[in-house]
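S.K.: Below is the structure, and that's it, no one-letter string:
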């Protein structure tokens, strides 16, 4: 028996060691030279500012290839003669041309370093064209493990789409693949077989039929756009349209779906104008009126491609027919239409400079779901939806990732991030002020790339509190702050524990049925009370724990 118990203890020890090693690997991943090339603002990127792309490609469903060119127009910021262009294996760059001269380049994994011959003088506007092709990485589990999806609809026709957040747009086209530098505007020309349609970002400029049995669709994006937001969607599409009368006037809304799904879409996509109405109320005008709003059926769940939001939720309410909050409110709307379109404000309008700050996209957009519910079903319904998402919080690692290595943080950026913002709203304790703050974010950082510090500083100033400890707690720590209290001689003592240094947010509590605001600190604070057996309840809309010391 002793030998058996010893074996069990040893086995448990090994299991605990393995778990600890696994957790360590998750929180301290090993980064490579390629991670740095992909995730940092290298010297070969810093000296030039991308102004315009013309992506001109042929997509061939028969052999799953993409080939063509990308013309890059840029402004010289400082004199230098080496440029980093990104394109991931197994794609190849065939040649690069500037001012009629073919340039030399060297490949370092997924980065190409181009030797420029022409003088590169500050303030000059220059162009070069990259010719490339190959079979891009096939998406394994889009949109999470992205690339190109080569599928077929139920009629056997090609159904093709791109997804590349995190992985990078350079998985299928050559560009300056770092989020800090958004192109100001771009043109996208996509050549496909004549029986297919390509839907990309912006507005359709032309459709040209060619003698070889193909046609080229050309789209123009007039607003700044992040790299991963650029997309292709190719299929046997039919479309319908409507006009949304919004804060900035008439917004063109176009919907593209597979031919057999038209009637279902006409019913399900009624959530699109509902979404626009709610989010313009909370966040301000839709950020891309000039480029229209499009909802496009795709062969995967969905993604926030700018002005070309993709949809694959099966024409069902909820998330594939399920309510993620477990409250019932999640079945009142189509999750993909609401969530992915919410990213038009938080991801496409306000965009992280570094993917480590991906919470700026996902926390606000996840929170937008509860604001949508609130707009149509009342404040308590929205709050209940937000609270219901807490069961999915893992508190496994910090929400913010590692900088300069293309590393995102914990998936808690969704549900924990939303509840962090919901908690912040309680601290503000003024619904109209909170709405003004959300709208102010979108106007202050309109069409910009930002850092976490910029968002933190804005919110601190707008709310009038030093929120650094608050954000340190929820974004950079995995502990849930605990409101700890005790009774002694008819006095209530309370404090914050399980928290970072300086965490001292006010909190609303109910004392024997009466609401009251308290300002706990790390040290005990006393509140004289005459009532015996005082019942203390922390407001449930604060994402904190509470614990009574007996």
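M.R.: That came in fine, so what should we check first? Remember, it's a predicted structure, so these values are computed and weren't measured experimentally.
S.K.: How about the most centrally placed residue in the chain, nearest residue that isn't a chain neighbour?
M.R.: By Cα atoms, centre = their mean, the chain has its centre lying nearest to residue 361, at 3.8 Å. Using Cβ to Cβ, 6 or more residues apart in numbering and skipping residues adjacent in sequence, the residue nearest residue 361 is residue 347, 4.0 Å away. Quick note: C-beta positions are derived from backbone N, CA and C, even for glycine.
S.K.: tally of neighbours for the one you found?
M.R.: 25 (other Cβ atoms under 10 Å).
S.K.: After the helix or strand of the chain with the lowest mean pLDDT, which helix or strand is next?
M.R.: Every helix and strand of the chain was ranked by mean pLDDT, DSSP states H and E. The lowest is helix 2-27, at a mean of 43. Using DSSP states H and E, the helix or strand that directly follows helix 2-27 along the chain is helix 33-39.
S.K.: Now tell me what touches the following helix or strand past that following helix from outside.
M.R.: Moving toward the C-terminus from helix 33-39, the next helix or strand (DSSP H and E) is helix 43-46. For helix 43-46, the surrounding residues in contact (Cβ atoms under 8 Å, 6 or more residues apart in numbering) are 77, 78, 80, 82, 83, 84, 113, 176, 178, 181.
S.K.: Quick check: mean pLDDT of helix 43-46?
M.R.: Averaging pLDDT along helix 43-46 gives 98.
S.K.: Which residues belonging to that helix are considered buried?
M.R.: 44, 45, 46 (16 or more other Cβ atoms under 10 Å).
S.K.: cool, and stretch 460-467?
M.R.: Those would be 462, 463, 465, 467, for stretch 460-467 by 16+ other Cβ under 10 Å.
S.K.: Isn't residue 178 up against residue 48?
M.R.: No - under the criterion of Cβ atoms under 8 Å, residue 178 is not in contact with residue 48, lying 11.8 Å apart.
S.K.: Which one's more surrounded, the two?
M.R.: When residue 178 and residue 48 are compared on other Cβ under 10 Å, the one with more neighbours turns out to be residue 178, at 27 against 22.
S.K.: Which residues are in contact with that one?
M.R.: 38, 39, 40, 41, 45, 227.
S.K.: Mind telling me what element it is part of?
M.R.: Applying DSSP H and E, one finds residue 178 in no helix or strand.
S.K.: if we can go back for a sec, if you rank the contacts of helix 43-46 by neighbours, which is first?
M.R.: residue 178 (27 neighbours).
S.K.: one step back: go through the contacts of helix 43-46 and say which is closest to residue 187.
M.R.: For these, the residue nearest residue 187 by Cβ to Cβ is residue 176; the value is 16.4 Å.
S.K.: Ramachandran coordinates for that closest one?
M.R.: Torsion angles at residue 176 (phi, psi; degrees, to the nearest 10) stand at phi -80, psi 90.
S.K.: contacting residues for it?
M.R.: 45, 48, 50, 72, 84, 85, 86, 227.
S.K.: What's opposite the second one in the beta bridge?
M.R.: Going back to what we said before, that points to residue 48. Listed beta-bridge partners, residue 48: residue 76 (assigned using DSSP bridges).
S.K.: What distance do you get for it to residue 331?
M.R.: 49 Å (Cβ to Cβ, to the nearest Å).
S.K.: now do the fourth one
M.R.: Counting by Cβ to Cβ, the separation of residue 72 from residue 331 is 46 Å.
S.K.: Settle it for me: which of the two has more neighbours?
M.R.: When residue 72 and residue 331 are compared for neighbours, residue 72 comes out ahead with 26 against 16, by other Cβ under 10 Å.
S.K.: And stretch 257-273, what's buried?
M.R.: So stretch 257-273, judged by 16+ other Cβ under 10 Å, has buried residues 257, 258, 261, 265, 268, 269, 271, 272, 273.
S.K.: Can you list which of those residues are found in strands?
M.R.: 257, 258 (DSSP state E).
S.K.: Out of the buried residues of stretch 257-273, which two are the most distant from each other?
M.R.: 258 and 273 (21.7 Å).
S.K.: Can you show me the helices along the chain?
M.R.: Listed in chain order, the helices of the chain (DSSP state H) span 2-27, 33-39, 43-46, 262-268, 271-283, 335-342, 359-377, 379-388, 412-428, 431-444, 452-463, 468-476.
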